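>>> Sequence and predicted structure, then a few things I'm wondering about:
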Amino acid sequence: MKENPAIRPRFQVIKDFICLAIRDRTYPAGACIPAENELAKKFSVSRMTANRAIKELVAEGLLVRHQGLGTFVTKIQAESPLLEVRNIADEIRERHHVYSNELVGLNNVRADEDLAGRLGVGVGAPTFHSLIVHKENGRPVQLEDRFVNAALVPDYNQQDFSQTTPNQYLSELFPLSEIEHIVEAVLSTEEEQHHLKISATSPCLLVNRRTWSADRLISCARLIHPGNLYRLSSRSTVSR
């Protein structure tokens, strides 16, 4: 007999309830969630069923248990692989959180000498400039300041970036062949503080990224993150 996919297991119902409460900040980071016996009573299940739901959320990194104190919502620090280019919307959703963004600006810009050097175009060449705030559960986690070679991506300024991110759009058009990452610890400008909702003394992590496809330099971007909310990771195999 096949299991009806419309009927969710009771432990999954509890998991979904907790995940939703985390997303809408009913249980914010660091909050203690109800004990297993409370969840069991609330959902009319055994304590073993409630325990399974919590154990799986602990394994997924959303909850952490402290012996004798209770189970708490993890204070998640967003993490991206340094040697890859991933869509930030996918990263956030994989953490069972809600992704959203705010398009600050999307303009046509003529390259000055500095931009021409970074983007590999001539001075005065047409480019597109987008400025987008990426948010996790409504909180800004990245300010994406991107320039794109207009000659290679003529429709860039016609895109609805509330539906797709620049990374996703460009990756679908131009399979990645090479990336350059330069990482710095910086203090933010007043404009960046405004968009990221941080103070002037808050340290930031800046990733300068350039991407190529088939030896063509497609875009350059400054990705600014609040330092207390973001980290980069790298793992590689060492030949012996």
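Great, that's in hand.

>>> Contact partners for the residue nearest the centre of the chain?
Closest to where the C-alpha atoms of the chain average out (Cα atoms, centre = their mean) is residue 88, at 3.5 Å. Shown in contact with residue 88 (Cβ atoms under 8 Å, 6 or more residues apart in numbering): 80, 99, 134, 141, 142, 144, 165, 167. Every residue, glycine included, has its C-beta placed from N, CA and C.

>>> In JSON lines: these, plus secondary structure, distance to residue 22 and pLDDT.
Formatted as JSON lines, these follow (DSSP: H, G, I helix; E, B strand; the rest coil; distance: Cβ to Cβ, whole Å; pLDDT from 0 to 100):
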{"residue": "80", "secondary structure": "strand", "distance to residue 22": "21", "pLDDT": "55"}
{"residue": "99", "secondary structure": "strand", "distance to residue 22": "14", "pLDDT": "90"}
{"residue": "134", "secondary structure": "strand", "distance to residue 22": "19", "pLDDT": "95"}
{"residue": "141", "secondary structure": "strand", "distance to residue 22": "16", "pLDDT": "90"}
{"residue": "142", "secondary structure": "strand", "distance to residue 22": "20", "pLDDT": "93"}
{"residue": "144", "secondary structure": "strand", "distance to residue 22": "25", "pLDDT": "97"}
{"residue": "165", "secondary structure": "coil", "distance to residue 22": "23", "pLDDT": "94"}
{"residue": "167", "secondary structure": "helix", "distance to residue 22": "25", "pLDDT": "93"}
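
>>> the strands in the protein, which residues?
63-66, 70-73, 78-81, 99-110, 126-136, 139-149, 178-187, 203-213, 216-226, 230-233 (DSSP state E).

>>> hmm, which helix or strand of this structure has the shakiest average pLDDT?
strand 78-81 (a mean of 54; mean pLDDT, DSSP states H and E).
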